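1. Next comes the sequence, and after it the predicted model I'd like to discuss.
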Amino acid sequence: MSNPGIMSYNGFINYCYADAASMFLSAYGIDAPSGRLEVLSGISLLGAHRLSEPECEKLYLSLVPDPSRLDRAFSLLDLRVERENATEQLDALRSALEHGPVLVGPMDMGALRYFPYHQHARGADHYVVAYAVDGDSVRVHDPMGYPFAAVSVEHFLDGWRGEELPCPGPPFHMWTRARSGRSVSDAEVFDAAMGWFEEIRQSTPSGAEVIQGYADDLEADRLTPRSQSFMSIFLLPSQARRCLDYAQFFREGGALGLAEKKFTQGRLMGESLQAGNKGDWKRVGTLFREYAEIEDDLSSRPFG
């Protein structure tokens, strides 16, 4: 791989956590690209876990995207963002909206009835930006492709409670009133991020064994069509971009060896998507094993 070969990817990818955060910050005059926020949150640097649902065995090549990881990304950029777990939910939301849009999450996607497939999305975590309460509706920008969406207060509060999320965060959680602190250089952000990544490495078991186990299921044709659809729609394209965002970040910081490893993982995910769309899930299993080898290597070497 030649160093100039790492370019950014622009296109529709399910980046709800980072896209919603980027939209929220933009309302306060802060430019923070979603790809940079995704990287600085550290959620997909290392790690893997599985969630079992009826007829769907989901693999996530990441940590759980809980609110504290997004707080860390804000901190690395020296952004001051207030956060709250609302007790009087609707009153707290109205009060916060007096100062500007509000980043809300995690939410249960199944409660957001403007999704045409909401009945199949129950238990999926999601993030949106609320910008108004209008009568009995909450108006949001939803990064899944729904600007100016409206959801009833009843359903909004149901989703915001998040009781059915498999990895629930604090209920009724929101971020409000963002502002910039001091100006930090790219070098400062990179050095601080590498320290954060080392914390993650030390506290996160290698996901290689989990990935290898999923590869076993792929090669033995034990996964259902819903599991395969989850990979094609979410896991594979999202992880390909995540890896590419990390590769670009590492390249810009001069960590070319790390950049190459994440670039290769991204390529493996892109090839897996193509193979899966052709129905060649055994090939996907083989590619996952290559991904797991790099995961194991990244987990065994200090960052920085």
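-> Thanks, I have the structure now.
2. Quick check: phi and psi at the residue lying closest to P33 once chain neighbours are set aside.
-> Among residues not flanking P33 along the chain, S22 sits closest, at 6.3 Å (Cβ to Cβ, 6 or more residues apart in numbering). Glycine gets a C-beta too; all of them are placed from N, C-alpha and C. Dihedral pair for S22: phi -60, psi -40, per degrees, to the nearest 10.
3. ok, S22 - contacts?
-> 32-34, 37 (Cβ atoms under 8 Å, 6 or more residues apart in numbering).
4. Contacts for the lengthiest strand in the chain, please.
-> Counting residues, the longest strand in the chain under DSSP state E turns out to be strand 125-134. Applying Cβ under 8 Å, 6+ apart, the contact partners of strand 125-134 are 16-17, 20-21, 23-24, 27, 65, 90, 93-94, 97, 101-109, 112, 138-144, 149-150, 153, 156, 159, 162, 165, 167, 169, 174.
5. Which neighbouring elements make contact with the helix or strand bottoming out on mean pLDDT in the chain?
-> Between all helices and strands in the chain, the lowest mean by mean pLDDT, DSSP states H and E belongs to strand 49-53, at a mean of 87. Other helices and strands packing on strand 49-53, by 3 or more Cβ pairs under 8 Å, 6 or more residues apart in numbering; DSSP states H and E, are strand 56-60, helix 208-219.
6. Recalculate using a threshold of 6 Å.
-> If contacts are counted by 3 or more Cβ pairs under 6 Å, 6 or more residues apart in numbering; DSSP states H and E, strand 49-53 sits against strand 56-60.
7. For the strand it packs on, which strands pair with it and how are they oriented?
-> strand 49-53 (antiparallel) (DSSP bridges).
8. what about dumping the CA coordinates of the strand it pairs with to PDB?
-> The C-alpha trace of strand 49-53 is given here as PDB (Å, rounded to 0.1, in the frame of the first residue of the first chain):
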ATOM      1  CA  HIS A  49     -19.000  -8.600  20.600                       C
ATOM      2  CA  ARG A  50     -22.000 -10.600  19.500                       C
ATOM      3  CA  LEU A  51     -25.700 -10.000  20.300                       C
ATOM      4  CA  SER A  52     -28.200 -12.800  19.800                       C
ATOM      5  CA  GLU A  53     -31.700 -11.800  18.700                       C
END
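9. how about the strands in the stretch 151-300 of the chain?
-> Listed in chain order, the strands of the stretch 151-300 of the chain (DSSP state E, counting those that start in this stretch) span 173-180.
10. partners of L103 in the sheet?
-> Under the criterion used (DSSP bridges), L103 bridges to V129, W175.
11. What is the neighbour count of it?
-> Neighbour count of L103, defined by other Cβ atoms under 10 Å: 26.
12. what's it in contact with, if anything?
-> Shown in contact with L103 (Cβ atoms under 6 Å, 6 or more residues apart in numbering): 20-21, 24, 129, 175.
13. As a markdown table, the residues you listed with distance to Y246, pLDDT and neighbour count would be great.
-> Shown next, in a markdown table, are these (distance: Cβ to Cβ, whole Å; pLDDT from 0 to 100; neighbours: other Cβ atoms under 10 Å):
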| residue | distance to Y246 | pLDDT | neighbour count |
| --- | --- | --- | --- |
| A20 | 20 | 95 | 27 |
| A21 | 17 | 96 | 28 |
| F24 | 22 | 97 | 27 |
| V129 | 25 | 97 | 26 |
| W175 | 24 | 96 | 25 |
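14. which one of the residues you listed sits closest to D71?
-> Of all those, D71 sits closest to W175, with 8.3 Å by Cβ to Cβ.
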